[in-house]
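1. Build me a model from this:
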Amino acid sequence: MANSSIGDFQKFNVLSAAITGSVTVGTLVVGGGGAGGDSFTGSFGGAGGGGAGGVFEGTFSYAPGTVLAVTIGAGGARAANIGSPTSVGSLKLLGGGTGGTAANRTSAAAGNYGANGGGAGSDDSADNTYFGLGLLGFNGGVTTTGDSAGGGGGGMGAVGGDGGGTSSAIGGVGVVATIISTTLATSRAVGEVSGGQVFFGGGASSGADGSGSAAGGLGGGGVGGEGGNAPTVGAPNTGGGGGGAQASGDNGAIGGSGVVIFKYPARVTLTIAAGLTSTTDTVGSDKITIFTAGSGNVTVN
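-> Now for the predicted structure:
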């Protein structure tokens, strides 16, 4: 398959000289993160954290004139809503699984499957080992009898933590992308910068019934609710999962949206449909185009 880049300056850009031969395009594709689980009114425990969207980074070659359909996946909006897939041409990255619902002496819900699985919801009367299955990355975490914390959402780099006691479980860490610098990632508000690296696809931490809230996974993972604090959303344009709800009637947070990034020679120009939101920066001899929302065709000129 082929990949392409994008420029955000104009809807129609024309090269002054035709490009001959194939065009090599570095490509990052990230699916939308899953929503955190909800908790029933009267429940003693927290819900599972949302799983991260899938992440792919690679290089493709396109012939001039290639048209690519690009769609940016939204994050899951509330429980039972997995993240939406992000696609470039025939390459589709799944969204993250939803965190499991917390219950009170009833069967708590399993985390849902996705690119990375959602964490299991807590159930104070029985084990809940039904984590969400990670189809591309890692599974969500589980809970055990008496736990008041759900399982953390799976990330692209690690499984979600298991619920244990009253403190929430950590979200699985995401993966490092090399296509974009920390400086550009910060200025364009994509990915999560930490330790001189840019992470995508972090799972969210679970909700709990205590006063300790674990961190979401690097890569935009949200933080679970606890101690009267609402869960936080997965960071936009990271594919991070949404934080799981705290005990007793709270709602899980939405997942972070996906993103597509292209890196290509500065001599190349793309025609971008109006339905896509994008920015383009020139970095040395390359252009880097970042798609943050929408759907439409991109033509490699």
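2. Helices of this structure, residue ranges please.
-> Secondary structure of the chain by DSSP state H: the helices cover 182-188.
3. ok, which stretches of it are strands?
-> 23-30, 55-62, 67-71, 86-88, 91-93, 175-177, 192-194, 197-200, 259-265, 270-272, 276-283, 286-300 (DSSP state E).
4. what's the angle from the second one to strand 286-300?
-> Right, strand 55-62. Compare the direction of strand 55-62 with that of strand 286-300 by axes from the mean of the first three to the mean of the last three Cα atoms, to 10 degrees and you get 70 degrees.
5. what comes up buried for strand 55-62?
-> Across strand 55-62, burial judged by 16 or more other Cβ atoms under 10 Å covers Val55, Phe56, Glu57, Phe60, Tyr62. Quick note: C-beta positions are derived from backbone N, CA and C, even for glycine.
6. and which of those residues is nearest Asn251?
-> Using Cβ to Cβ, Val55 is the member of the buried residues of strand 55-62 that lies nearest Asn251, at 26.4 Å.
7. ok, and the closest non-adjacent residue to the closest one?
-> Gly201 (4.1 Å; Cβ to Cβ, 6 or more residues apart in numbering).
8. Look up how far Ala35 lies from the one you found.
-> Remark: distance between Gly201 and Ala35 (Cβ to Cβ, to the nearest Å) = 15 Å.
9. ok so, going back, wait, what's in contact with the residue nearest to Val55?
-> Residues near Gly201 by Cβ atoms under 8 Å, 6 or more residues apart in numbering: 30, 33, 52-55, 115-116, 137, 155-157, 174-175, 219-220, 238-240.
10. what about Ala35, neighbour count?
-> Ala35 has 42 neighbours, counted by other Cβ atoms under 10 Å.
11. quick one: contacts for it?
-> Ala35 is in contact with 50, 75-83, 98-99, 241-242, 252-255, counting by Cβ under 8 Å, 6+ apart.
12. so where's the stretch 201-301 of the chain shaky on pLDDT?
-> Within the stretch 201-301 of the chain, the stretches with pLDDT under 70 are 211, 248.
13. Identify each buried residue in stretch 36-49, please.
-> Judged by neighbour count using 16+ other Cβ under 10 Å, the buried positions of stretch 36-49 are Gly36, Gly37, Asp38, Ser39, Phe40, Ser43, Phe44, Gly45, Gly46, Ala47, Gly48, Gly49.
14. doesn't Gly216 make contact with Gly243?
-> Yes. Look at Gly243 against Gly216 with Cβ atoms under 8 Å: they come within range, at 6.7 Å.
15. got any residues that touch both of the two?
-> Gly49, Ala204, Ser205, Gly222, Val223, Thr232, Gly234.
16. most surrounded residue in those residues?
-> In the shared contacts of Gly243 and Gly216, the most neighbours by other Cβ under 10 Å go to Gly49, 60 neighbours.
17. Quick check: the gap between that residue and Gly228.
-> 18 Å.
18. center of the protein - which residue?
-> Gly239 (1.4 Å; Cα atoms, centre = their mean).
19. Now for the nearest residue to that residue once chain neighbours are set aside: which residues touch it?
-> Distance criterion Cβ to Cβ, 6+ apart; nearest residue to Gly239, sequence neighbours excluded, is Gly53 at 3.3 Å. Applying Cβ under 8 Å, 6+ apart, we find Gly53 in contact with 30-34, 73, 75, 83, 86, 93-96, 114-116, 201, 239-240, 255-256, 258.
20. ok, Gly53 to Gly154 distance?
-> The value you get for Gly53 to Gly154, if Cβ to Cβ is used, is 11 Å.
21. And Gly141, by the same measure?
-> Distance of Gly141 to Gly154, computed by Cβ to Cβ: 8 Å.
22. Neighbour count for those two, which is higher?
-> Using other Cβ under 10 Å as the criterion, Gly141 and Gly154 rank with Gly154 on top: 45 against 36.
23. didn't that one look like it was pressed against Gly203?
-> Yes. Look at Gly154 against Gly203 with Cβ under 8 Å: they come within range, at 4.9 Å.
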